[in-house]
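Chemist: sequence first, then the predicted structure, then my questions.
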Amino acid sequence: MAVFLDANPFIYSRPVSPEDLIDREAELSRLMELAQVGQAARLEAPRRYGKTTLLGKLAWEAERQGLAVASVDFSAVYSVADAAARIEVAYRDLQGPARRAAGEALRALRIGLNAGPLSASTGARGNSAEKALIELLDLPARIFARTGTRTLVLFDEFQDLLSLRDGLDGLVRSRIQHHGDAASYVFAGSQTSLLRELFADRERPLYGQAQPVALGPLPQESLAAYVSGRFESAGVDVEPVLDTYLSLVDGHPQRAMLVAHHLWRELAGVSDPLAAIDRAIDEVFAELNEPFEAALQALRPAERAILVSLAVDRPSVYARQTLESLGLAKAQARRAVLGLEERGHLKAVGRGRWEFIDPLLVAWLQGTLGPGA
């Protein structure tokens, strides 16, 4: 008997709502614990790993527990004035007494979206923009003085802010180090190697200022329960293809939703999951073929050689045989691996050991460039 499914519940093109967060209870609990005592945290996660969704759930929980929450996304921030404007918007979005206190502080500072140094029409440049940024960074202290409420400040894609110019991490520290009970901070980013450098390098101003919290792949049991539960609610048993599905997505949050989305589409009008999984996988790679090809072409030759070699043969990167087969010196290979990490393709899992972040990229490279392809 054919099965006709309702609206597809698997969203993969944007962050899902906090209520759809899968098995991040330990990370959420740790971040909330740090926020309550005023200890800063750095949240590390590759792109499309559910970081933004987790921050949304953290914001909801923090507000429920009486904290004010200012959430700022610095993705692709292009100037100090732009950064200041984003912070201002976040404080204008506060709730309750903290919102009123923030509004009063902004008026006292003569900072506003439509009048003052951050006017959308006139903008802010040079020293005026940096001065506004400093004043905005101090808002938690002003809010605390007026209301006694701690502010949880979420800086998403924090490394993009610091890329604007040298020394901004020093400026940020110079302000937040005086906030004491007034604020807690979460510095989040998807360029994990850069974010780690900002807080783990003894030469950087933010060294040792934040407890690390890392997002890993989703546990298979939790992912299986979430996905099968959605299908079961529509009267479909996906148990026959669940192992194939779990092996393919390997706990990657966004890739898990992408494959599940196409599997849901392929099951519409049929009753046999086995007949649908292969078609779903074909649809997934048809969608990803163009961006994967573009990503491969964007790599330097040495990076491309190592990426393909790791996917197809899984060799030791620095083994003599590997280096000779690729025509690379060890120093070249080291630079290439670090470049692949910075681009978000690889992650270090031990001394001299690396793994792919995207399991579908591995499968695509094996199917496109591997033996017998």
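Modeler: Arrived safely.
Chemist: list the buried ones in stretch 26-44?
Modeler: Of all the residues in stretch 26-44, those buried under the rule 16 or more other Cβ atoms under 10 Å are 27, 28, 31, 32, 34, 35, 40, 41, 42, 43, 44. No exception for glycine: its C-beta is placed from N, CA and C like everyone else's.
Chemist: which residues touch it?
Modeler: For stretch 26-44, contacts defined as Cβ atoms under 8 Å, 6 or more residues apart in numbering pick out 21, 51, 54-55, 57-58, 61-62, 65, 67, 150, 152, 176, 180-181, 183-189, 192, 195-196, 199, 209-215.
Chemist: low pLDDT regions in this structure?
Modeler: 1-5, 111-127, 269-271, 352, 369-373 (pLDDT under 70).
Chemist: and the host helix or strand of residue 364, how far from the chain's centre?
Modeler: Element membership for residue 364, per DSSP states H and E: helix 359-369. Chain-centre distance of helix 359-369: 23 Å, with Cα atoms, centre = their mean, to the nearest Å.
Chemist: now stretch 221-239
Modeler: Taking mean C-alpha positions (Cα atoms, centre = their mean), stretch 221-239 and its chain are 26 Å apart.
Chemist: okay, that stretch in PDB with CA atoms only?
Modeler: Extracted in PDB, the C-alpha atoms of stretch 221-239 (Å, rounded to 0.1, in the frame of the first residue of the first chain):
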ATOM      1  CA  GLU A 221      21.400   6.300  19.000                       C
ATOM      2  CA  SER A 222      20.000   9.800  19.400                       C
ATOM      3  CA  LEU A 223      20.000  10.500  15.700                       C
ATOM      4  CA  ALA A 224      18.300   7.200  14.900                       C
ATOM      5  CA  ALA A 225      15.600   7.900  17.500                       C
ATOM      6  CA  TYR A 226      14.900  11.400  16.100                       C
ATOM      7  CA  VAL A 227      14.800  10.300  12.500                       C
ATOM      8  CA  SER A 228      12.900   7.100  12.900                       C
ATOM      9  CA  GLY A 229      10.400   8.900  15.200                       C
ATOM     10  CA  ARG A 230       9.500  11.400  12.500                       C
ATOM     11  CA  PHE A 231       8.900   8.600  10.000                       C
ATOM     12  CA  GLU A 232       7.000   6.500  12.500                       C
ATOM     13  CA  SER A 233       4.700   9.500  13.100                       C
ATOM     14  CA  ALA A 234       3.800   9.200   9.400                       C
ATOM     15  CA  GLY A 235       3.300   5.500   9.600                       C
ATOM     16  CA  VAL A 236       6.600   4.600   7.900                       C
ATOM     17  CA  ASP A 237       9.100   2.100   9.300                       C
ATOM     18  CA  VAL A 238      12.600   3.100   8.200                       C
ATOM     19  CA  GLU A 239      14.400   0.400  10.200                       C
END
